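Trainee: model this:
(one chain, ligands or ions: 1)
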Amino acid sequence: MNTTANGNGLAIDVRGLNKHFGDKHVVNDLSMQVARGEIFGFLGPNGSGKTTSIRMMCGLLTPDSGTGTCLGYDILTESDEIKRRVGYMTQKFSYWDDLSIRENLDFVARVYGMPNRREAVERALEDLGLATRSAQLAGALSGGWKQRLALAACLLHEPELLLLDEPTAGVDPKARREFWEQLHQLAARGISVLVSTHYMDEAERCHKLAYIAYGRLLAQGTADEVVASQRLSTWSVEGDDLATLSAQLQGAPGVEQTVAFGTALHVTGRDAQALADTLARLAGPGRRIEQAQTSLEDVFIHMMSGAEDNMARKKKEAS
Ligand SMILES: Nc1ncnc2c1ncn2[C@@H]1O[C@H](COP(=O)(O)OP(=O)(O)OP(=O)(O)O)[C@@H](O)[C@H]1O
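Mentor: Coordinates of the predicted model:
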């Protein structure tokens, strides 16, 4: 066991992870650290390698190269120790429709041969606020309650780390908020959480974040650090015919991206002066232009389009 990793308080500490599937380089030199008791958000477009990374970090999938520890155990040689201490909620978690919540949890506890099965099930029901619904059939539950059941199943063996792969996909905002309250309560008890998500409000609720695109980690840190790292300047334009303005701004000096946010158009770029000059010239009278805070969403969109450009350039060079 790597005592250094345990001693330095890291739940996950991986360096230089790579994974190929055929000729696809799905995870490219990934290094990431998650502190104990931290909620760490994992973001990135579809197919960017989040699930593959999560599976490597908990020893379910062997990387082609790279090293690391999960809860102080080597991801290459101690995966059994890791699995015992990690709760993994996959994108498509399964449960039995025609069993009740309690029966589902009891079934999972039996599969894992837990010695204190009844006690563990009661505790999970209590912890996740499922006790009053324990007799309901899982198949009749709403999406939010199903996620909660899946989380309860992950917690039965009292893991130290939760790996949650898009746990709230397709769940309504109220249920998502409640789910996140649960996650914060678990983190307050010292449980570490690595959670992948596409939702911006969820990203903002994480202690730290990493953004991955096409297998490469493009930024990691607190939300403020991630925003600051991209050194973007953003302006908000309100007024008439923003769709036409958006089209006019494409490719103009200083303009790297335009994104409609409700009644405003967010215009973003790294060259603050060129961007301000362009807006003064093109945005014209009748519109309100003001400097805006660059949001996490602006930054993610910017990173994603930059990564796409890189991939497109590489494909072009190769052909
Ligand atoms: N077992 C596998 N064999 C071949 N290709 C795979 C395998 N698993 C994943 N891939 C490919 O690797 C790439 C990354 O997939 P991965 O599921 O890790 O991404 P993701 O970021 O989790 O995506 P999403 O947000 O859609 O869940 C995708 O192109 C996927 O098709």
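Trainee: what is the residue lying closest to Y88 once chain neighbours are set aside paired to in the beta sheet?
Mentor: Nearest non-adjacent residue to Y88, counting by Cβ to Cβ, 6 or more residues apart in numbering: L163, 4.7 Å away. Heads up, the C-betas are built off the backbone N, CA and C, glycines and all. Judged by DSSP bridges, the bridge partners of L163 are Y88, L194.
Trainee: Could you point out the helix or strand that follows the worst-scoring helix or strand of the chain on mean pLDDT?
Mentor: Lowest by mean pLDDT, DSSP states H and E among the helices and strands of the chain is helix 3-7, with a mean of 43. Of the helices and strands lying after helix 3-7 in sequence (DSSP states H and E), the nearest is strand 10-21.
Trainee: same for that next one, what does it pack against?
Mentor: Contacts defined by 3 or more Cβ pairs under 8 Å, 6 or more residues apart in numbering; DSSP states H and E place strand 10-21 against strand 24-35, helix 50-57, strand 65-70, strand 192-196.
Trainee: same thing but at 6 Å, please
Mentor: strand 24-35, helix 50-57, strand 65-70 (3 or more Cβ pairs under 6 Å, 6 or more residues apart in numbering; DSSP states H and E).
Trainee: among the ones you listed, which is the most enclosed?
Mentor: Among the helices and strands packed on strand 10-21, ranked by average contacts under mean count of other Cβ atoms under 10 Å, first place goes to helix 50-57 (a mean of 23).
Trainee: Tell me if it is near the ligand.
Mentor: Yes: for a cut-off given as Cβ under 6 Å from any ligand atom, helix 50-57 has contacts with the ligand, namely 50-52.
Trainee: circling back to that earlier point, can you name the residues that contact the residue nearest to Y88?
Mentor: 54, 58, 88, 194 (Cβ atoms under 6 Å, 6 or more residues apart in numbering).
Trainee: swap the cut-off to 7 Å and go again
Mentor: Each residue near L163 by Cβ atoms under 7 Å, 6 or more residues apart in numbering is listed here: 54, 58, 86, 88, 194.
Trainee: Present the helices and strands packed on strand 10-21 as a markdown table; the columns should include mean pLDDT.
Mentor: Output for the helices and strands packed on strand 10-21, formatted as a markdown table (pLDDT from 0 to 100):
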| stretch | mean pLDDT |
| --- | --- |
| strand 24-35 | 95 |
| helix 50-57 | 94 |
| strand 65-70 | 96 |
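Trainee: Including distance to G239, could these go into TSV?
Mentor: As requested, the helices and strands packed on strand 10-21 are exported to TSV (distance: least, Cβ to Cβ, whole Å):
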stretch	distance to G239
strand 24-35	43
helix 50-57	38
strand 65-70	51
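Trainee: I figured H207 was touching R36, is that so?
Mentor: No: if you go by Cβ atoms under 7 Å, H207 and R36 don't touch, sitting 11.2 Å apart.
Trainee: wait, doesn't I212 sit right on N46?
Mentor: No: applying Cβ under 7 Å, one finds I212 not in contact with N46, separated by 11.5 Å.
Trainee: more neighbours, the two?
Mentor: Remark: of I212 and N46, I212 carries more neighbours, 26 against 6, as counted by other Cβ atoms under 10 Å.
Trainee: Would you mind listing what in the stretch 1-150 of the chain touches the ligand?
Mentor: Checking the stretch 1-150 of the chain against the ligand by Cβ under 6 Å from any ligand atom, the hits are 21, 24, 26, 44, 46-52.
Trainee: and which of these is nearest to G68?
Mentor: T52 (14.1 Å; Cβ to Cβ).
Trainee: So the closest one sits against K24, correct?
Mentor: No: at 10.1 Å, T52 does not count as touching K24 under the criterion of Cβ under 7 Å.
Trainee: any low-confidence regions in the stretch 101-250 of the chain?
Mentor: Of all residues in the stretch 101-250 of the chain, none has pLDDT under 70.
Trainee: That concludes my questions; thank you for your assistance.
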